[in-house]
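> Sequence and predicted model, in that order:
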Amino acid sequence: MPRITLYALMALHVTCSSGSYIFGKAAAVGFDDPAVLTLARALGAAAIFLLGTGTLIPRPRFKPREWLQLLGFAFLLVPFNQYCFLRGLQYTVPSHPALFYALTPLGVLALDSLLSARRPPGAKFAGVVLALGGVVLILRPWEQGAAFNQIRTGDFWIMGAVASWVIYTVVVRPICRRHDPRTVTAWSLIIGAALMLPVAGMDLAALPVATIPLEVWLSLAWLSVITSVVMMQLWNLLLRNLTPVEVAVCTNAQPPMTVLLSVIMAAIGFLDRQPDLGLLFFVGMLLVVGGVLLVQLRT
């Protein structure tokens, strides 16, 4: 695939990601139980994938051992990543998850180096220090008060989501080289939805549908269609043509794009005013993105 096409796909992924933080926040606030929201999102995506199997998506031809691998991918994507992400968004603000997901390349480099037994370059540690310094500024452990405590609680859940995403990005690449990425994505999320059914199926069935506002349903639709279907297909397609580190680079552009979109959405009344866009936040954002870029450039 031509490089210009891959870069265009990366830009599209960044734009969709920024929207996911905004609409994900609206959906997380609208649903009281993040497990129910996780299942609803996963079922919506699974239905689309099942309808497309055999036409837009090739039929699965996995070996028994590969089905077991898909079970692991499914757990990483739905009960782990999506649940932690949506639970974290209940408490934090959209700009914070974008920053923490920008650490994905750093995590991918570290895990990839560990699995391949390659010693990372010394400059990596300078990038790590910069990025972690930015995280500390964003978390601000010295601040007190209910609002800061609530945001920090959400941030720690988001970090769990980022950890699972890093692992997934590294371990899914080999199977995406052997099989069509669309099939890998589809069946990972279908199995993930099945894993969530025993956890939240009864609560979803008892959900008071009429009490949930239209904008919350539209936000859920974005998460199911754009985030779980379109973005996942883009991510695995990129992983088929690029290395995990090269693909993870596109997360660097998510923080400023998300901040811009958050300001626009708050101005039109879709979001409450961002409570954390002060000087320390922007300094932290520069340190995180700068540290990750330093690691990538020197590597």
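Yep, it's here.
> Tell me which other helices or strands whichever helix or strand residue 29 is part of touches.
Assessed by DSSP states H and E, residue 29 sits inside helix 3-30. Applying 3 or more CB pairs under 8 Å, 6 or more residues apart in numbering; DSSP states H and E, one finds that helix 3-30 contacts helix 34-52, helix 83-91, helix 95-101, helix 214-221, helix 232-241, helix 254-267. All C-beta atoms are positioned from the backbone trio N, CA, C, and that covers glycine.
> Highest average neighbour count across the ones you listed: which stretch is it?
helix 95-101 (a mean of 27; mean count of other CB atoms under 10 Å).
> Taking helix 254-267 as reference, get the angle to the helix or strand just after that helix.
The C-terminal neighbour of helix 95-101 among helices and strands, as given by DSSP H and E, is helix 104-116. Put simply, helix 104-116 runs at 150 degrees to helix 254-267, going by axes from the mean of the first three to the mean of the last three CA atoms, to 10 degrees.
> so how many other residues sit close to the residue nearest to residue 91 when sequence neighbours are not counted?
In space, and not counting its chain neighbours, residue 91 is closest to residue 154: 3.0 Å by CB to CB, 6 or more residues apart in numbering. Per other CB atoms under 10 Å, the neighbour tally for residue 154 reads 20.
> can you check the one 10 residues further on too?
Residue 164 has 20 neighbours, counted by other CB under 10 Å.
> Let me know the pLDDT of it.
If you check residue 164, the pLDDT there is 94.
> same check, this time on the one 10 residues further on
Reading off the confidence values, residue 174 has pLDDT 89.
> Next, count neighbours for it.
12.
> now this structure, which segments are flagged as low pLDDT?
117-125, 127-128, 132, 138-139, 141-142, 244-246, 248-252, 270-278, 292-299 (pLDDT under 70).
> distance of residue 162 from residue 241?
Residue 162 sits 23 Å away from residue 241, going by CB to CB, to the nearest Å.
> same deal with residue 255?
Counting by CB to CB - residue 255 and residue 241 are separated by 25 Å.
> what does residue 18 give?
23 Å.
> how deep is residue 114 tucked in, by neighbour count?
Neighbours around residue 114, by other CB under 10 Å: 11.
> Equivalent analysis for residue 155, please.
If we define neighbours as other CB under 10 Å, then residue 155 has 20 of them.
> Just the element for it, please.
Applying DSSP H and E, one finds residue 155 within helix 146-171.
> Could you do residue 32 as well?
Judged by DSSP H and E, residue 32 forms part of no helix or strand.
> gap between the helix holding residue 29 and the chain center?
9 Å (CA atoms, centre = their mean, to the nearest Å).
> and the angle from it to helix 34-52?
Using the same axes, to 10 degrees: helix 3-30 against helix 34-52 is 140 degrees.
> Quick one: work out the angle between helix 3-30 and helix 83-91.
60 degrees.
> ok, residue 81 - contacts?
161, 164-165, 168 (CB atoms under 8 Å, 6 or more residues apart in numbering).
> Can you tell me the closest non-neighbouring residue to it?
residue 164 (4.2 Å).
> my guess is the one you found meets residue 82, correct?
No: with contact defined as CB atoms under 8 Å, residue 164 does not reach residue 82; the gap is 9.0 Å.
> Much appreciated, bye for now.
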